[in-house]
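# would you be able to build a 3D model of this:
(one chain, ligands or ions: 1)
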Amino acid sequence: MSFCEGSWLKIFARPAPPDNIPAMNTRFLTILVALSVSAAATAAEPTVSLKISANQPGAKINPAMWGIFFEDINFGADGGLYAELVKNRSFEFPNPLMGWSQIKNPGAAGSLTVLDQNPLNAANPHYLRVKVDTAGEGFGLSNEGFRGMGVRKGETYNFSVYARSAGDAPKALRVELVSADDRVLGSAKVTKFGPEWKKETASFKASATNPKARLNVIVEGAGMLDLDMISLFPQHTWKERPGGLRADVVQLLADLKPGFMRFPGGCIVEGHWLTNRYQWKNTIGDVAGRRLIMNRWNDEFAKRGRGTPDYFQSFGLGFFEFFQLCEDIGAEPLPILNCGMACQFNSSELCPLDQLEPFIQDDLDLIEFANGPVSSAWGVKRAAMGHPQPFNLKLIGVGNEQWGPQFIERYAKFAKALKAKHPEVQLVSDAGPDPSGDKFDFLWPKLRELKADLVDEHFYRPPDWFYANANRYDKYDRNGPKVFAGEYAAQSVETVSADNRNNLECALAEAAMMTGFERNADVVRMASYAPLSAHVDAWQWTPNLIWFDNLRAFGTPNYYVQQLFSRNRGDVVLPLELTGATLATKNQPRFQATACRDEKSSEIIVKVVNGTAAPVEANLQLIGVRKAGPKATVTVLAGASLNDENSLDQPRKVAPVTSSLDRVDTEFKYTFQPRSLTVLRVPAK
Ligand code: AHR
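You can find the predicted model right below:
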């Protein structure tokens, strides 16, 4: 069966299920305060009471609770996090000159031909033969980059190429960085060419900043050259690693202080068909030998005008780099591997049950790659890439967003084999694409029977659904598998709509639900927003946590919600009783709170979402505390309108503001701003 975009939309774009307000939470003595936006705007200010029982600590919060979900969607890797500036550097795109154009200056004559005889390597066999008959004023080619190349004044750029002469060698290869308005911003020359493939390098500084530069590669003199892996990187990358990652984007990730990083997806794990599934073994070792494939998001939403025909996976950001990134930013690695099922929104191709062995072996080998001694077959490969120490992998995902008996049958086989060899590694399974319905109802009991460790739930739903489901986990079985809220994002219009916005309304709705994750930290062990990032000129899916262009990146209001929860995680949940005036709408409890304690700093952390348009005056009591305050730290994320968003030009329009609060005691008053998420940190003994 071939994929039909409609099938995805049918599943994703159906109306939201009716709001599901759970019964009063006796477990945490939480009483919802339902405040209506419209009523609150006109009615007298309500007073609510928050009683926090500091003397009755509840569940321990997983130190890795708040994480990130990286998927190579929206130019997330090539053109995004991976700092390579040249697109189609190895001429492997099906149209091998996509991204390149010929340069033929006055008096020049020559040809560009893509060949594959006697290649640099078998994985990426194509290369370019440049034949210059008459040099004239220059013959060569130009690369457009990923929607242009972002370059900065004064920064050094490192060019490299594999080259060999094919007959008479020309005098030189001149590389020029050229601005959108045709100014040469920097240049360098490579002059030595032998008959064998050899990597040549050259560096230059950019004389001006330009977001849409291009790279010209011009042959000087007549002759014939073979070229492959034509590459340009900024010298300044994350941790200054050559051929590394964009420092500004990684910094945004690091600033989240994520407890874990899930990678590499997402549907990208599954592929349209099994042949183009993500295969981690093809993503390690020398970058030139990592076989390029088409990105499954290349054509996924083409019919909706979001096609990106130039979207491929070079795997320059591969599994070694993912593990390294996790280590850099202090996140537990959570790789997700294919379980013998292609995307069920696409072909639904299945690997027969009796042929799953290579898929299972991929998981076993990955564990050895990450954790095995350097004497092991895969551990030695990790060491050869510069990391003899293990990466300490403790989690692995079996399949991405699968469903039906086909998934359960496959999961059971994976679990049996993996648990037999690696009982120390926790397995992530999933409950399908929806947070309720047939698929979900089928999967959960089966996974319970199989004693799954963590079940990944996904919710792409409207903001009201998030408010209404803030107490979703209050009634979950405390003894069964744990929940990984692995993909969620409030959708301002509808799932997969290109009009969805990353606005404050959605961010606060997510925060409301996250208070429920925290209150139920014994059940919800991990959570991550999805997707993580998008290029403003090349996205397929919205909303996203981070947006970037070729030079800049910013966090959305949703990003700051994630950051506030992650940076104020706490170690143990404290029961919180919330009582007060209820101003109507039963179905939209837009005032939500949670409390926890940070053992190290001896602070009580209270997180409160006021999604209404009115300030809410509250009385806070810290029960069982001898001494509190006298000062507290208060951080507020708020905006003038629920439609407020951040942008490249106003990256912090909606951003947290921290101040100090005086006269705090074991009982004190605080007024929660309209449209806000507030985090109070109160020193308490
Ligand atoms: O986050 C975007 C997509 O949504 C993911 O790839 C997939 O797992 C889910 O369907």
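# so the closest residue to residue 82 other than its chain neighbours, which of the three states?
Closest residue to residue 82 apart from its sequence neighbours, by Cβ to Cβ, 6 or more residues apart in numbering: residue 317 at 4.2 Å. From N, CA and C alone the C-beta is placed, and that goes for glycine too. Reduced to three states with DSSP: H, G, I helix; E, B strand; the rest coil, the structure at residue 317 is coil.
# show me what contacts residue 317?
Going by Cβ atoms under 8 Å, 6 or more residues apart in numbering, residue 317 touches 72, 77-78, 81-82, 245.
# now do the phi/psi pair for residue 561.
With angles defined as degrees, to the nearest 10, residue 561 sits at phi -60, psi -50.
# surely it touches residue 511?
Yes: applying Cβ atoms under 8 Å, one finds residue 561 in contact with residue 511, separated by 4.6 Å.
# anything in contact with each of these two?
When contacts are counted by Cβ under 8 Å, 6+ apart, residue 561 and residue 511 have residue 677 as shared neighbours.
# related to what we said a few turns ago, now, which of the contacts of residue 317 sits nearest residue 137?
Distances from the contacts of residue 317 to residue 137 were compared by Cβ to Cβ; the smallest belongs to residue 78, at 32.7 Å.
# so what's the closest one up against?
With contacts defined as Cβ under 8 Å, 6+ apart, the neighbours of residue 78 are 72, 84, 87, 146, 295, 311-314, 316-317.
# swap in residue 331?
Contact analysis of residue 331 by Cβ under 8 Å, 6+ apart lists 64, 67-68, 258-261, 325.
# and if you look at residue 247?
The neighbourhood of residue 247, defined by Cβ under 8 Å, 6+ apart, consists of 236-238.
# then residue 411?
Residues touching residue 411, when contacts are defined by Cβ under 8 Å, 6+ apart, comprise 339, 398-399, 402, 429, 447, 450, 452.
# cool, residue 540 as well?
Residues in contact with residue 540, defined by Cβ under 8 Å, 6+ apart, are 73-74, 297, 300-301, 306, 308.
# I'd like to know how far it sits from the ligand.
9 Å (Cβ to the nearest ligand atom, to the nearest Å).
# all further residue positions should be reported with the first residue as 557.
Sounds good: first residue 557 from here, last item residue 1096.
# which helix or strand contains that residue?
Assignment of secondary structure by DSSP states H and E places residue 1096 within no helix or strand.
# try the one 3 residues further on
Taking DSSP H and E as the definition, one finds residue 1099 inside no helix or strand.
# number of residues surrounding the closest residue to it other than its chain neighbours?
Closest residue in space to residue 1099, ignoring its immediate chain neighbours: residue 1058 at 4.4 Å, by Cβ to Cβ, 6+ apart. One way to gauge burial is a neighbour count; for residue 1058, by other Cβ atoms under 10 Å, it gives 27.
# not counting its neighbours along the chain, what's nearest the closest residue to the ligand within the stretch 707-856 of the chain?
Closest residue of the stretch 707-856 of the chain to the ligand, Cβ to the nearest ligand atom: residue 822 (3.2 Å). The shortest distance from residue 822 to any residue other than its chain neighbours is 3.2 Å, reached at residue 627 (Cβ to Cβ, 6+ apart).
# on that earlier part again, within reach of the ligand, which of the contacts of residue 1096 are there?
Applying Cβ under 6 Å from any ligand atom, the subset of the contacts of residue 1096 adjacent to the ligand comprises residue 629.
# how about TSV for the contacts of residue 1096, with neighbour count and secondary structure added?
Putting those into TSV (neighbours: other Cβ atoms under 10 Å; DSSP: H, G, I helix; E, B strand; the rest coil) gives the following:
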residue	neighbour count	secondary structure
629	28	coil
630	27	coil
853	28	coil
856	25	coil
857	19	coil
862	18	coil
864	23	coil
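# re earlier: neighbour count winner among residue 1117 and residue 1067?
When residue 1117 and residue 1067 are compared on other Cβ under 10 Å, the one with more neighbours turns out to be residue 1067, at 31 against 28.
# surely the more buried one is in a helix?
Yes: assessed with three-state DSSP, residue 1067 lies in a helix.
# and it, what does it touch?
Taking Cβ under 8 Å, 6+ apart, we find residue 1067 in contact with 1117, 1120-1121, 1148, 1163, 1165, 1233.
# helices - which of these land there?
Counting by DSSP state H, the members of those that fall within helices are 1117, 1120-1121.
# tell me where the stretch 857-1006 of the chain has strands.
Using DSSP state E, counting those that start in this stretch, the strands of the stretch 857-1006 of the chain run over residues 868-869, 888-893, 951-954, 982-986.
# thanks again, I'm all set now.
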